[in-house]
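>>> structure for the following, please:
(2 chains)
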Amino acid sequence: GENVEQHPSTLSVQEGDSAVIKCTYSDSASNYFPWYKQELGKRPQLIIDIRSNVGEKKDQRIAVTLNKTAKHFSLHITETQPEDSAVYFCAASRSNDYKLSFGAGTTVTVRA
Amino acid sequence: GAVVSQHPSWVICKSGTSVKIECRSLDFQATTMFWYRQFPKQSLMLMATSNEGSKATYEQGVEKDKFLINHASLTLSTLTVTSAHPEDSSFYICSASPGAEEQYFGPGTRLTVT
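Numbering: from 1, shown residues only, chains lettered A, B, ... in the order given. Predicted structure coming up:
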């Protein structure tokens, strides 16, 4: 099955700086890569996603890049704010079953 | 749009009893629903996939006789934890899909077995 690795496990940044989280996947058939933000005790919330036919996608302060050849994708958050503090998960799925395989998560702390 | 609810939001039960958790898609029809389990400070682990009107597909290592899943309609799936034990205490989260890659997550159910 799909194996998604995520790094780093924790990330502390100064407010206003950028945060980058990286994920790799093993299944070359994976074609959908969402990123979720989860606050303690809450549901995961989709913040951005990218499909395999696109190399980069941006939504305001959040961007995701995908390198299909290397099987890795990254989340970039610019101008971080305290409310960006949360656990972020990357995931991957294939179009034949849409099962999501999650990375281990990154705890992001934005220092004011 | 794309709202998914779960009930109950938290439940405490005694060891050996069964607990049913409901997952509903409120404003769309979910051809597929997924059930996840999340232990503290860990990631989401897929337990099973359910399609309306058919038997659920369980991930390796998940006991189908212990975690009973029923997807009776296009808006409702239930997970029953049978003969619950303390090690079943976890955060159970469902998600619903209208048929494409997107999954919309429920708010989760915190199960504590004493």
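>>> going forward, measure contacts between C-alpha atoms and count neighbours the same way
Noted.
>>> show me where chain B has strands.
B:4-7, B:10-13, B:19-25, B:32-38, B:45-51, B:57-58, B:67-73, B:76-81, B:90-97, B:104-105, B:109-113 (DSSP state E).
>>> so for A:Lys57, which of the ones you listed sits nearest?
strand B:104-105 (20.4 Å; C-alpha to C-alpha).
>>> for the closest one, what is the distance to the chain centroid?
The chain centre lies 11 Å from the centre of strand B:104-105; the measure is C-alpha atoms, centre = their mean, to the nearest Å.
>>> check whether that strand comes near chain A.
Yes. Applying C-alpha under 8 Å from any C-alpha of the partner chain, one finds that strand B:104-105 is in contact with chain A at B:Phe105.
>>> mind listing what that strand pairs with, with the direction of each?
Strand pairing for strand B:104-105, determined by DSSP bridges: strand B:90-97 (antiparallel).
>>> so A:Lys22 is in which element?
Assigned by DSSP states H and E, A:Lys22 belongs to strand A:19-25.
>>> how about that strand, does it reach chain B?
No. Contact between strand A:19-25 and chain B is absent, the nearest approach being 13.9 Å (criterion: C-alpha under 8 Å from any C-alpha).
>>> show me what the residue most central in space within chain B is bridged to.
Centroid-nearest residue in chain B, with C-alpha atoms, centre = their mean: B:Trp35, separated by 3.8 Å. B:Trp35 forms beta bridges with B:Ala48, B:Cys94, as assigned by DSSP bridges.
>>> next: B:Ser77.
B:Cys23.
>>> one more: A:Ser12?
With DSSP bridges as the rule, A:Ser12 is bridged to A:Thr109.
>>> show me the contacts for it.
Going by C-alpha atoms under 8 Å, 6 or more residues apart in numbering or on different chains, A:Ser12 touches A:108-111.
>>> so which bits of the helix or strand of chain B at the bottom of the mean pLDDT ranking are buried?
Lowest on mean pLDDT, DSSP states H and E among the helices and strands of chain B sits strand B:67-73, with a mean of 91. By neighbour count on 16 or more other C-alpha atoms under 10 Å in any protein chain shown, the buried set for strand B:67-73 is B:67-71.
>>> swap in stretch B:42-56?
For stretch B:42-56, by 16+ other C-alpha under 10 Å, it's B:43-52, B:56.
>>> again, but for stretch A:80-100
A:80-81, A:84-94, A:98-100.
>>> now swap in stretch A:22-42 and tell me
In terms of neighbour count (16+ other C-alpha under 10 Å), stretch A:22-42 has its buried residues at A:22-25, A:30-38.
>>> can you add pLDDT and give those back as CSV?
Formatted as CSV, those follow (pLDDT from 0 to 100):
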residue, pLDDT
A:Lys22, 98
A:Cys23, 98
A:Thr24, 98
A:Tyr25, 97
A:Ser30, 95
A:Asn31, 94
A:Tyr32, 95
A:Phe33, 97
A:Pro34, 96
A:Trp35, 98
A:Tyr36, 97
A:Lys37, 98
A:Gln38, 97
